[in-house]
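Chemist: below are the sequence and a predicted model; questions follow.
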Amino acid sequence: MENSQHQSGNMERRVMSRIDAALRINYQIISDDVALNDPYDPNFVLPRYFLLLAELDQFDHALNYELEQLNQRDQQIARILSLFNQKLNLITGSLYDAIVQSMLPIPEHVNFSETGFSFFNEHAMQEGTYLHVTLSHPENAFHIAATAQVAYSREEDNGKYRIGAYFITLHPQDKVKLSEAVTAFKNQT
């Protein structure tokens, strides 16, 4: 869905693909000294479930690439390794269901694109505040870490504040994941 947003006062107009989704979101306010650091830097507090899911995601991408390369040289070995990977996915899926699900935060309503996001918060945030954020799709479509800067914070009718932020540091592959998720969600509707 194409979404045109007007911000009160500034009359800023952005036309881009944005979607609403239930995502697991964690954030921490950070200083401007570290706002440009790598969002996966170990000095940031990354939730354990996020690290596990992000590592599994990276492993899957690397394995799929290697299987494609191997398939061109030896299809039989590639097939055996693909079956092994399917079994591994079943095992990790079972562990995920049994253990990791209990650690996960409840998904929240987030509006996002490959350039930024907005979410509801109990408290207002000052415009210009830097955040370190992790976003995880509940069905594992993506898990990303980024740093962002608050663009607006306004009180809504529900008594909460809508916080809008744009990404400052976002790995190129994470931007691709967000873009693919936006396209996939748009195609579902």
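Modeler: Nice, thanks for sending it over.
Chemist: show me how the record splits the chain into domains.
Modeler: 2-45+105-188, 56-101 (automatic domain parsing).
Chemist: ranking these by mean pLDDT, which is last?
Modeler: The minimum mean pLDDT among the domains of the chain belongs to domain 56-101 (a mean of 78).
Chemist: now that domain, how far from the centre of its chain.
Modeler: Relative to its chain's centre, domain 56-101 lies at 22 Å (C-alpha atoms, centre = their mean, to the nearest Å).
Chemist: tell me which of the domains of the chain sits most buried.
Modeler: domain 2-45+105-188 (a mean of 15; mean count of other C-beta atoms under 10 Å). In this view, the C-beta of every residue, glycine as well, is placed from N, C-alpha and C.
Chemist: now residue 166. Nearest residue, chain neighbours left out?
Modeler: Residue nearest to residue 166 in three dimensions, not counting chain neighbours: residue 116, with 3.7 Å by C-beta to C-beta, 6 or more residues apart in numbering.
Chemist: confirm for me that the one you found is in contact with residue 163.
Modeler: No: judged on C-beta atoms under 8 Å, residue 116 makes no contact with residue 163 at a distance of 10.7 Å.
Chemist: now the strands: where do they sit in this structure?
Modeler: 2-6, 13-17, 19-30, 108-112, 116-121, 130-136, 143-155, 161-169 (DSSP state E).
Chemist: partners of the last one, with directions?
Modeler: Within its sheet, and counting by DSSP bridges, strand 161-169 is paired with strand 116-121 (antiparallel), strand 143-155 (antiparallel).
Chemist: and those: which comes nearest residue 128?
Modeler: Closest approach to residue 128 among those (C-beta to C-beta): strand 143-155, 6.4 Å.
Chemist: how about a markdown table for the strands of the chain, with distance to residue 85 added?
Modeler: Below are the strands of the chain laid out as a markdown table (distance: least, C-beta to C-beta, whole Å):
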| stretch | distance to residue 85 |
| --- | --- |
| strand 2-6 | 38 |
| strand 13-17 | 32 |
| strand 19-30 | 25 |
| strand 108-112 | 30 |
| strand 116-121 | 32 |
| strand 130-136 | 22 |
| strand 143-155 | 19 |
| strand 161-169 | 31 |
